[in-house]
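A.B. asks: Next one to model:
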Amino acid sequence: MTQQAAAAPASSPTPTRRTTYGWKPVKSPWPGYVGFVAVLIAMLITFSVLGSLVDAAIPYLLAHQGESVDYDYVMDIFYGVAPDAVMLIRIAIWLGIAGVILGVVGAIIGRGRGMGIIAVVAGILSPVIVGFYIGMTAAASIPK
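C.D. replies: Numbering: from 1, shown residues only. As a prediction, the model looks like this:
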């Protein structure tokens, strides 16, 4: 007797595929992909906001070399240049943390494992990448 191809059982709420051992639910790779995209968006938000903030802070920091920097004054400069910048940075931080968590979940449960691992690595390396970007932006802003 030959086995014929059959459709998924009518009572199945999720998409399934036929295996040699019966019907098996299809695993969606979305957790890993969403985690990677969240980390990527968080990094792009951080880059766009911190570039303008570093450009605003460099003249003050150059004028006060060798002295202690007044944190409140620097924050007032930041709020004057872009009032929503600190809020955007906080949103980017939480978005990056959520992306790393989704990446870990995707890597552990096997749903988008490759992208989940990339999301975790990008999330862990993002402070280094952003710090390098800030350093390069500051170095380019210093007059010769």
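A.B. asks: Quick check: next helix or strand after the longest helix along the chain?
C.D. replies: Determined from DSSP state H, the single longest helix within the chain is helix 30-63. Downstream of helix 30-63, the first helix or strand assigned by DSSP states H and E is helix 71-81.
A.B. asks: Could you check how far the residue nearest to the spatial centre of the chain is from residue 28?
C.D. replies: Nearest residue to the geometric centre of the chain (Cα atoms, centre = their mean): residue 39, 1.3 Å. Relative to residue 28, residue 39 is positioned 19 Å away (Cβ to Cβ, to the nearest Å). Every C-beta, even on glycine, is put in place using the N, C-alpha and C of the backbone.
A.B. asks: quick one: residue 86 is in a helix?
C.D. replies: Yes: using DSSP: H, G, I helix; E, B strand; the rest coil, the assignment for residue 86 is a helix.
A.B. asks: Find the residue closest to it in space, skipping its chain neighbours.
C.D. replies: Closest residue to residue 86 apart from its sequence neighbours, by Cβ to Cβ, 6 or more residues apart in numbering: residue 78 at 6.7 Å.
A.B. asks: Any regions of the chain where pLDDT drops low?
C.D. replies: Filtered on pLDDT under 70, the chain yields the residue ranges 1-26.
A.B. asks: try 90
C.D. replies: Within the chain, the stretches with pLDDT under 90 are 1-29, 47-87, 89, 110-112, 130-131, 133-144.
A.B. asks: tell me the contacts of residue 106?
C.D. replies: Residues near residue 106 by Cβ atoms under 8 Å, 6 or more residues apart in numbering: 29, 30, 31, 32, 33, 34, 35, 112, 113, 115, 116, 119.
A.B. asks: hmm, which two among the residues you listed are most spread apart?
C.D. replies: 34 and 113 (13.5 Å; Cβ to Cβ).
A.B. asks: Compare the two and say which is more crowded by neighbours.
C.D. replies: Using other Cβ atoms under 10 Å as the criterion, residue 34 and residue 113 rank with residue 34 on top: 20 against 17.
A.B. asks: was I right about residue 56 contacting residue 77?
C.D. replies: Yes: between residue 56 and residue 77 there is a contact under Cβ atoms under 8 Å: 5.4 Å.
A.B. asks: got the phi/psi numbers for residue 70?
C.D. replies: Phi and psi for residue 70, reported as degrees, to the nearest 10, are phi -80, psi 110.
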